[in-house]
Each structure stands twice: as structure tokens, then as C-alpha cells.
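1. Make a model of this:
(4 chains)
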2 protein chains.
Amino acid sequence: MNQELLARYESRAAILKALAHPTRLFLVDELARGERCVCDLTGMVGADISTVSKHLSVLKQAGIVEDDKRGLQVFYSLRTPCVLNFFTCCETVMRKSAVDVNN
Amino acid sequence: MNQELLARYESRAAILKALAHPTRLFLVDELARGERCVCDLTGMVGADISTVSKHLSVLKQAGIVEDDKRGLQVFYSLRTPCVLNFFTCCETVMRKSAVDVNN
DNA sequence: GATGTAATTGGCTATTTTGCCAAATAAGAA
DNA sequence: TTCTTATTTGGCAAAATAGCCAATTACATC
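-> Numbers count the residues shown, from 1 in each chain, chains lettered A, B, ... in the order given. Modelled structure (predicted):
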């Protein structure tokens, strides 16, 4: 595996890593419905606002969401909706695993 | 976020987490071409065989690959090829980020 | 300017992940 | 049985991640 190839896998891994957390998957799912401010998301998640803010910054850093400050609030929205396709595949993997367990 | 919903996001996160590593993404990519034994994959990755074996077991645990022991060798293959769609989306995210940087 | 609200950042500890080596297991060959 | 090869497992130290609290920043209103 050469340098260039490794770099590409590292980039992909960075995006997947940003998604690979239950809270962040929830945030993505919620943002798929429309933009939300940090305070609203915090209420839904039920964690400290600093924790939610950090999760959002991880998603932003990865290029998955974008933010827009308006007044006191910061509104986040989904920038690359194709990540929602991941959910479909995850369900496929889980369904297939469930079937195998019963055989 | 209730218990049931949380459980679903945790399941999805487990699958994404299994994928979120450069070496494991390479392994998935390589297995997409056909089954491979651990020894061949180890040669391509250039890490200790125990490291590669552990990466494969992470993927197997997540339901992404399956193994088949034949004689001395263990052959791994891709069980849920839909994970390859992730790559497409990752490229989209990266391309979009690259564009934004230039604006 | 002073106050209040929304959000981010720094710092800390606890937990998880990674990758190597050494040891154990499994299966074919001598 | 003994030897060799392929793979897995256990154990360890280093690195990365998570989540809380406290402090800071940003902005609006008084």
C-alpha cells in the first residue's frame, strides 16, 4: 500500500470516524430534517451543551455539516446528505446478521 | 432520545466504527475483488499478521466480512458489499470540502 | 457600560483503540 | 509423533476519544 493510496484511505476513515458515534448519528439524522440550533439539539440529546458542541464540531471538521451563526444562536445543517445512505446499509448489515444468527 | 432509538444508533455506530480505520478500509476494498487469505492480506498491508488478524476480526464481528477456514489458511470475503457505497459518499464529502476551500 | 443568553474552548480523568511481541491453537507434512 | 506453517489470542504501553465542569467568547438587550 503506497503513500497516495494510504492517504486516500485515511481521508475516508476520517469521515467514517466522525460518523461513528451514536450521538453524532442522531445529530445527522435530526439535521436531515432541517437546520437546528445547538440549544435545540442539546435538549434532544440530553447531554451537556459543551459535549454536543464538540460533537457538532467533529462533524463540521469532517465536512458533514455546516454552521451559520445568526444572532446568539448557531444553526447547523447537513452539508452532504449522502451520509444518510450509510444508514440504509447499516440496516442491511444488521438484518443479514440477525438472519444468520437464526440459522 | 429514548432507549430503543439509542440502541439503534449504537448498532449503526458499531458498524461505522468497524469501518473507520484506514487499514480496515483497505481490507474491505481488497475483499471486494474476491476472497483473500490472511497471509496475502498481511503482505499487502505491511503490518504484523496479528494486527491484520485483529482488524479482520473487528470487521467480522461487525458483520461486514465472513471467514472460511480451508486447510491451514483462513479466507475472508465481503459479506455486505453495500459498504462500498460509503466510499462513493466519502469521495463526495471530500470533493465538496475541496471546492469550499478554494472559494 | 453592565447583564444575560448561546456557544465554544481548555483542562481533566476515564475509557477505548491500536499495534507489537510472545504464546497458544489448528492443521497438514514428514 | 514431531515439525512446520497459518492464524488467533493474551498482554502490554502508547495514543486517541468522550464527557463533564469551568472559563471564555460573541452577541443582544437594558
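
2. Stretch A:65-72 near chain B at all?
-> No: with CB under 8 Å from any CB of the partner chain as the criterion, chain B is not reached by stretch A:65-72; the gap is at least 8.6 Å. Placement of C-beta: from N, CA and C, glycine included.

3. and that stretch, which residues are buried?
-> Buried residues in stretch A:65-72, defined by neighbour count with 16 or more other CB atoms under 10 Å in any protein chain shown: A:65-67.

4. burial of the residue lying closest to residue A:19 once chain neighbours are set aside, as a residue count?
-> Distance criterion CB to CB, 6 or more residues apart in numbering or on different chains; nearest residue to residue A:19, sequence neighbours excluded, is residue B:16 at 5.1 Å. By other CB atoms under 10 Å in any protein chain shown, the residues close to residue B:16 number 26.

5. what helix or strand is residue B:16 on?
-> Residue B:16 is part of helix B:3-19 when elements are defined by DSSP states H and E.

6. Please read off the pLDDT at the closest residue to residue A:30 other than its chain neighbours from the model.
-> Distances taken as CB to CB, 6+ apart place residue A:36 nearest to residue A:30, at 6.1 Å, with adjacent residues excluded. pLDDT, residue A:36: 98.

7. which residues does residue A:36 bridge with?
-> For residue A:36, the beta-bridge partners under DSSP bridges are residue A:76.

8. my guess is it meets residue A:29, correct?
-> No: counting by CB atoms under 8 Å, residue A:36 sits too far from residue A:29 to count as a contact (11.1 Å).

9. What about residue A:15, how many residues nearby?
-> Using other CB under 10 Å, the number of residues around residue A:15 comes to 27.

10. what does residue A:77 give?
-> Neighbours of residue A:77 under the rule other CB under 10 Å: 14.

11. wouldn't it be in contact with residue A:32 here?
-> No: the pair residue A:77 / residue A:32 is not scored as a contact, 9.4 Å apart, by CB under 8 Å.

12. if I pick residue A:80, what's in contact with it?
-> Counting by CB atoms under 8 Å, 6 or more residues apart in numbering or on different chains, residue A:80 makes contact with A:63-64, B:89, B:92-93, B:96.
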